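# here is a sequence with its predicted model. Questions after.
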Amino acid sequence: MELDAALARLLFKIDAKGPIGVVELGDLVGRDHTTISRQVGKLVELSLVERQPSRHDRRISQAVATAKGSRIARALAAAHATLVLPAFDAWSDRDFAEITRLMRRLADDVAQLHKAVEPA
């Protein structure tokens, strides 16, 4: 199974927030819905996510993690907690707040770049 970083992040969000539509998911991760739809399709092919009709609007498809997808999302979260989070133990609250602010700025700037190059 090939699960790149972008698909892993998407799987984690779907598991945490699902069932979720591709537009809402795109807004959450700062990507356009066509890209998200393709990535969800890849997760479906890997049997990590299923598409189901929305309870509120049957015309809308929502993504929900399968049992296998949920297990992988939990394993990824545990690995992140074990391997990455301890690196912040020696950081001050100010340092952590600063990196959080800068990462948010980076994500927002990248999202703006994507919007600027998307076809109208």
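Thanks, I have the structure now.

# now stretch 71-83, how far from the chain's geometric center?
Remark: stretch 71-83 is offset 14 Å from the chain centroid, using Cα atoms, centre = their mean, to the nearest Å.

# oh, I was asking about stretch 57-72
Distance, stretch centre to chain centre, for stretch 57-72: 13 Å (Cα atoms, centre = their mean).

# do me a favour and average the pLDDT over that stretch.
The pLDDT scores in stretch 57-72 average 90.

# what does stretch 113-120 give?
67.

# show me the domain layout of the protein.
For the chain, the structural domains run 5-85, 90-120, going by automatic domain parsing.

# buried deepest among those domains, which one?
Mean neighbour count (mean count of other Cβ atoms under 10 Å) peaks for domain 5-85 among the domains of the chain, with a mean of 16. From N, CA and C alone the C-beta is placed, and that goes for glycine too.

# quick one: end-to-end distance for that domain.
17 Å (Cα to Cα, to the nearest Å).

# give me the distance between that domain and the centre of its chain.
Taking mean C-alpha positions (Cα atoms, centre = their mean), domain 5-85 and its chain are 6 Å apart.

# pick out the shakiest of the domains of the chain, pLDDT-wise.
Note on the domains of the chain: lowest mean pLDDT is at domain 90-120, with a mean of 82.
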